[in-house]
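Asker: I need the structure of the sequence given here:
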Amino acid sequence: MTDTTSTALNGVAPLPHLGVIRVQGEDAARFLQGQMTQDFALLGPDQARLAAWCSPKGRMLASFIGLRDGGDGFLLVCSRDILAPTLKRLTMFVLRAKVRLSDASAEVQLAGLAGDAIYSIAARGHSTLGLVEFEHGKLVWLHPAGSQARALWVAPAGASLPAGPALDTAVWQWGEVLSGVAPVTAPIVEAFVPQMLNYESVGGVNFKKGCYPGQEVVARSQFRGTLKRRAFRVHGDAPMAAGQEVFSAADPDQPCGLVAAGAAAPSGGYDAIVSIQLSAAESNDLRLGSAGGAPLRLLPLPYALLEDI
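Answerer: Numbers count the residues shown, from 1 in each chain. Next up, the predicted model:
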């Protein structure tokens, strides 16, 4: 898979499925600190954050790649299909804080860089979610797809893109699945607590920061060893999309989980991230859509899981 990945996932991809929320004002850091699962108060100019925004029940309403935008501003990159309702709901919590939230998608250019397109402008060896700033844009190192490096390019609208071969958006999304990090999209809003998508293992949850919506549920899931579901990578012959149910032969009468993200594999078949019961993963007889549906084959995760405490 490594050779296929490095060959197929190489170049510069448009990302029309993503949007940007801009958070500005002297209370911006404090506001985000009180809403997100990650620490924005200590976010440096050479860093980005993977973060979730949760309901009071700890269910993920949105996920973001967050980075600083000038002195006291931030940009939150999220799935475009949840941007409008997320912005509306987040704004309800501003109250008297000196902070302004807006849809900046038309003002910010996003692109996905993979492989040689990254190394044409940046040296190797940067840590995941590290940030490099250039004259006309910023490069955020994302979780890799296997051994293939991936990065998010963030720049003002109209700025020149880094050089590289054109990469199809669908192939970029396949690389996202290979990374094992599923973003929150409309079909899975409020479907998972962060640990069900392994966010605590990929830098998406800070257990040392202050309060945020759903914190007690998220912390209890981690510290009491109550996690019953985890995210896994799977491969199958049938198309898979976020929100589809997954079944196990061990319990055919009810779903054991959901597809969190899916994409066609360039070499054939389909890859997905599924969040399923641990008992179903152990049985390793997974089916898509029904107990008699297309079989799914478990694949290794590209990162180690943080053990329950």
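Asker: so what's I82 up against?
Answerer: For I82, the contact set (Cβ atoms under 8 Å, 6 or more residues apart in numbering) comprises 61-62, 184-186, 189. To be clear about C-beta, it is placed using only N, CA and C from the backbone, and glycine gets the same treatment.
Asker: looking at this, it is in a helix?
Answerer: Yes. Inclusion of I82 in a helix is indicated when DSSP: H, G, I helix; E, B strand; the rest coil is applied.
Asker: just to revisit the earlier point, out of the contacts of I82, which is nearest to A166?
Answerer: Using Cβ to Cβ, T185 comes nearest to A166 of those, at 24.1 Å.
Asker: Dihedrals phi and psi, the residue lying closest to that closest one once chain neighbours are set aside?
Answerer: Leaving out its chain neighbours, the residue that sits closest to T185 by Cβ to Cβ, 6 or more residues apart in numbering is S79, at 4.5 Å. Here the main-chain torsion angles of S79 (degrees, to the nearest 10) amount to phi -60, psi 130.
Asker: I'd assumed L18 was in contact with S79.
Answerer: Yes. The pair S79 / L18 is scored as a contact, 6.5 Å apart, by Cβ atoms under 8 Å.
Asker: Domains in the chain, by residue range?
Answerer: Using automatic domain parsing, the domain ranges for the chain come out as 2-168, 186-299.
Asker: Let me have the ones you listed in TSV, extended by distance to E307.
Answerer: As requested, those are arranged in TSV below (distance: least, Cβ to Cβ, whole Å):
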stretch	distance to E307
domain 2-168	18
domain 186-299	9
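Asker: neighbouring contacts of stretch 26-46?
Answerer: Contacts to stretch 26-46, defined as Cβ under 8 Å, 6+ apart, come from residues 23, 25, 49-54, 64, 66-68, 72-74, 90, 93-94, 97-99, 130-133, 194, 199, 203-206, 208-213, 215, 218.
Asker: Buried subset of these, written for ChimeraX?
Answerer: With 16 or more other Cβ atoms under 10 Å as the burial test, the buried ones among the contacts of stretch 26-46 are selected in ChimeraX as follows:
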select :23,25,49,50,51,52,53,54,64,66,67,68,73,74,90,99,130,131,132,194,199,203,204,205,206,209,212,213,215,218
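Asker: Inside strands: which ones of the contacts of stretch 26-46?
Answerer: Secondary structure defined by DSSP state E assigns 23, 49-54, 64, 66-68, 74, 131-133 of the contacts of stretch 26-46 to strands.
Asker: Out of the residues you listed, which comes closest to I121?
Answerer: Once Cβ to Cβ is applied, the member of the ones in strands among the contacts of stretch 26-46 that ends up nearest I121 is V132, at 8.2 Å.
Asker: that older thread, may I see the domains of the chain arranged in TSV, with distance to W174 and mean pLDDT as well?
Answerer: Converted to TSV, these look like this (distance: least, Cβ to Cβ, whole Å; pLDDT from 0 to 100):
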stretch	distance to W174	mean pLDDT
domain 2-168	7	95
domain 186-299	4	94
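Asker: Could I get the buried residue list for the regular element (helix or strand) spanning T7?
Answerer: For T7, the enclosing helix or strand under DSSP states H and E is helix 2-8. When neighbours are counted by 16+ other Cβ under 10 Å, the buried residues of helix 2-8 are found to be 5-6, 8.
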